[in-house]
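make a model of this:
(one chain, ligands or ions: 2)
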Amino acid sequence: MTLLEVEDLVVQFYTDDGVVRAVDGISYELRAGETLGLVGESGAGKSVASLALLRLIRAPGEIVRGEIRFGGRDLLACSDDELRAIRGSEIAMVFQDPDAALNPVYTVGEQIAEAIRTHEDVSDAEARERAIDLLERVGIPDAPARYADYPHEFSGGMQQRVVIAMALSCDPDLLVCDEPTTGLDVTVQAGILELLADLAAQSDTAIQLVTHDLGIVAELCDRVLVQYAGEIVERAPVEELYYDPKHPYTVGLLASIPRLGDDSERLATVPGTAPSLVDPPTGCRFHPRCPYAEESCARRHPPLVETDTEPSAGDADPDPDPETHLAACLEYTGELEDGLDYEVRVRDGDRRERESNREPNGDERRGDSR
Ligand SMILES: Nc1ncnc2c1ncn2[C@@H]1O[C@H](COP(=O)(O)OP(=O)(O)OP(=O)(O)O)[C@@H](O)[C@H]1O
Ligand code: NI
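Ligands and ions are numbered 1, 2, ... in the order given. Predicted coordinates for the structure are as follows:
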């Protein structure tokens, strides 16, 4: 069942340097209970896209256009009151900095209990009991005693657990996590990720997860969106993205040979720099950095299309199946003359090597890539 549907979302910031189109016409959907990863290098617009879901874009920024349908309502058309009711009860957010999400003058227990009472008519005693249950559920040892502690009495990792407990207090349908473990040390990260993985597996809560970390994506996500310069350039189920990436930018990100189910692996750095969002490159925004760019790439903006069908130069055909592998590259509209030529080597946990070769003219040898 489709839970969230984003259509043609555009977010701009009005700065001294000009109009920054941080999110430029993205469309995607999220089904109940699934975990969707949003990856891409710094400045691609991942956080802005996530904040826009709850209309949390502040001046000098603005949502210029688009639709965000959630459970049948258009969040961009809701009243502020309606939106406030949805925020925290149906959609909850977890950001990178737990410190900023917690109020230093109240105990963590009070804050969680308060979050519960905001959305539900329960007695103080019941709110307290539920808050303690939540603290236990997110792995805070000695929860009844820690209820009365203040945020500064917790470590960063424990604070993030508290934030997640608060986010879960109203059993949201959608949890938006933006770099939830960045800044925490590695062992603490592992604990938080395990918690999120449990949540993803055990509850009906859908998760939209923004991260730089491909190891995290491999571990937690069902599907992945790759964002580049405000646009989605590839969309695929997680295994397909790793074993059979279709967009040259994704191939660049994966160049570090990520290992599925293995330790975290940061995204590789793609040579060149992220383009200006004030005056992005013409045609394909990735073309100045793309090893396969041809003259047409500077002229024609590639639509996000299915990668497995016969190439056609038509416009994007919105496919109702979110599992379909999509990429925005002229290769898939049949407009690239020489085709893509890359090799993806992925070693999985068993150390078996899988290869996927792409040769000029789109003649693809896949080996045992599936
Ligand atoms: N408050 C703001 N004022 C002006 N421009 C902004 C503001 N917030 C974001 N932007 C612009 O939007 C672009 C996208 O920012 P965003 O934070 O979404 O990137 P990101 O993909 O989340 O990057 P990171 O991985 O570093 O978090 C930035 O490059 C910046 O130019
Ligand atoms: Ni961000």
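
stretch 241-250 and ligand 1, are they touching?
No: applying CB under 6 Å from any ligand atom, one finds stretch 241-250 separated from ligand 1 by no less than 13.5 Å. (Glycine included, C-beta is placed from N, CA and C.)

where's the helix or strand hosting residue 161 relative to the chain centroid, distance-wise?
Using DSSP states H and E, residue 161 maps to helix 156-168. Centroid separation for helix 156-168 versus its chain: 19 Å, with CA atoms, centre = their mean, to the nearest Å.

how about the helices in the chain?
Assigned helices in the chain, in chain order: 46-52, 80-86, 98-101, 108-119, 124-137, 143-146, 156-168, 186-202, 214-220, 238-243, 248-253 (criterion: DSSP state H).

quick one: mean pLDDT over the last one.
Averaging the model's pLDDT scores along helix 248-253 yields 92.

now residue 112. Nearest residue, chain neighbours left out?
Once flanking residues are discounted, residue 112 sits nearest to residue 131: 3.9 Å by CB to CB, 6 or more residues apart in numbering.

mind checking pLDDT for that neighbour?
For residue 131, pLDDT reads 97.

hmm, it is touching residue 124, no?
No: counting by CB atoms under 8 Å, residue 131 sits too far from residue 124 to count as a contact (10.4 Å).

comparing these two, which residue is more hemmed in?
Here residue 131 and residue 124 are compared on neighbour count by other CB atoms under 10 Å; more neighbours surround residue 131, at 27 against 9.

let me see the contact set for that one.
Contact analysis of residue 131 by CB atoms under 8 Å, 6 or more residues apart in numbering lists 109, 112-113, 116, 147, 165, 169.

most neighbours among those residues, which one?
In terms of neighbour count, residue 112 stands highest of the contacts of residue 131 at 28 neighbours, by other CB under 10 Å.

you'd agree that one is up against residue 133?
No: counting by CB under 8 Å, residue 112 stays clear of residue 133, with 9.8 Å between them.

how does this structure divide into domains?
Domain ranges of the chain: 1-90+173-370, 99-171, per automatic domain parsing.

in the stretch 151-300 of the chain, what residue is nearest ligand 1?
residue 277 (5.4 Å; CB to the nearest ligand atom).

weakest of the domains of the chain by average pLDDT?
Among these, domain 1-90+173-370 has the lowest mean pLDDT, at a mean of 86.

write out the residues of the stretch 101-250 of the chain neighbouring ligand 1.
Within reach of ligand 1 by CB under 6 Å from any ligand atom, the stretch 101-250 of the chain has these residues: residue 212.

what bridges to residue 37?
Beta bridges link residue 37 to residue 209, residue 224 when assigned by DSSP bridges.

follow-up on the earlier one: test my guess that the residue of the stretch 151-300 of the chain closest to ligand 1 contacts residue 230.
Yes: using CB under 8 Å, residue 277 is in contact with residue 230, at 5.8 Å.

out of the two, which sits in the busier spot?
More neighbours surround residue 230 than the other of residue 277 and residue 230, with 27 against 24 (other CB under 10 Å).

count the neighbours of the closest residue to the more buried one other than its chain neighbours for me.
Closest residue to residue 230 apart from its sequence neighbours, by CB to CB, 6+ apart: residue 24 at 3.7 Å. Using other CB under 10 Å, residue 24 has 20 neighbouring residues.

who touches residue 24 in this structure?
Each residue near residue 24 by CB under 8 Å, 6+ apart is listed here: 10, 45, 229-231, 277, 280.

who wins for neighbours among these?
Neighbour tally across the contacts of residue 24 (other CB under 10 Å): the maximum, 27 neighbours, falls on residue 230.

how about it, phi and psi?
phi 80, psi 0 (degrees, to the nearest 10).

overlap in contacts of residue 277 and residue 230?
21-22, 24, 45.

kindly reformat those residues as CSV containing distance to ligand 1.
Shown next, in CSV, are the shared contacts of residue 277 and residue 230 (distance: CB to the nearest ligand atom, whole Å):
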residue, distance to ligand 1
21, 8
22, 3
24, 10
45, 4
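
residue 163: how many residues sit nearby?
Counted by other CB under 10 Å, the residues lying close to residue 163 total 28.

hang on, it packs against residue 101?
Yes: using CB under 8 Å, residue 163 is in contact with residue 101, at 4.7 Å.

who touches both of the two?
With CB under 8 Å, 6+ apart as the test, residue 163 and residue 101 both reach 94-95.

hang on, the earlier thing: and the residue of the stretch 151-300 of the chain closest to ligand 1, what does it touch?
By CB under 8 Å, 6+ apart, the residues touching residue 277 are 20-22, 24, 43, 45, 229-230.

mind listing what the closest residue to it other than its chain neighbours touches?
Once flanking residues are discounted, residue 277 sits nearest to residue 20: 4.7 Å by CB to CB, 6+ apart. Neighbour list for residue 20: 12-14, 277-278 [criterion: CB under 8 Å, 6+ apart].

please name the bridge partners of residue 20.
Applying DSSP bridges to residue 20 gives these bridge partners: residue 13.

distance of it relative to residue 210?
Plainly put, residue 20 is 18 Å away from residue 210 if you go by CB to CB, to the nearest Å.

before we move on, what about residue 169?
Distance of residue 169 to residue 210, computed by CB to CB: 22 Å.

same deal with residue 151?
Remark: distance between residue 151 and residue 210 (CB to CB) = 23 Å.

could you do residue 178 as well?
Here residue 178 is placed at a distance of 4 Å from residue 210 (CB to CB).

likewise residue 229?
For residue 229, the distance to residue 210 equals 16 Å [CB to CB].

next: residue 135.
Computed as CB to CB, the residue 135 to residue 210 distance reads 25 Å.

try residue 301
Counting by CB to CB, the separation of residue 301 from residue 210 is 25 Å.

between these two, which is the more surrounded one?
With neighbours defined as other CB under 10 Å, residue 301 and residue 210 compare such that residue 210 has more, 24 against 14.
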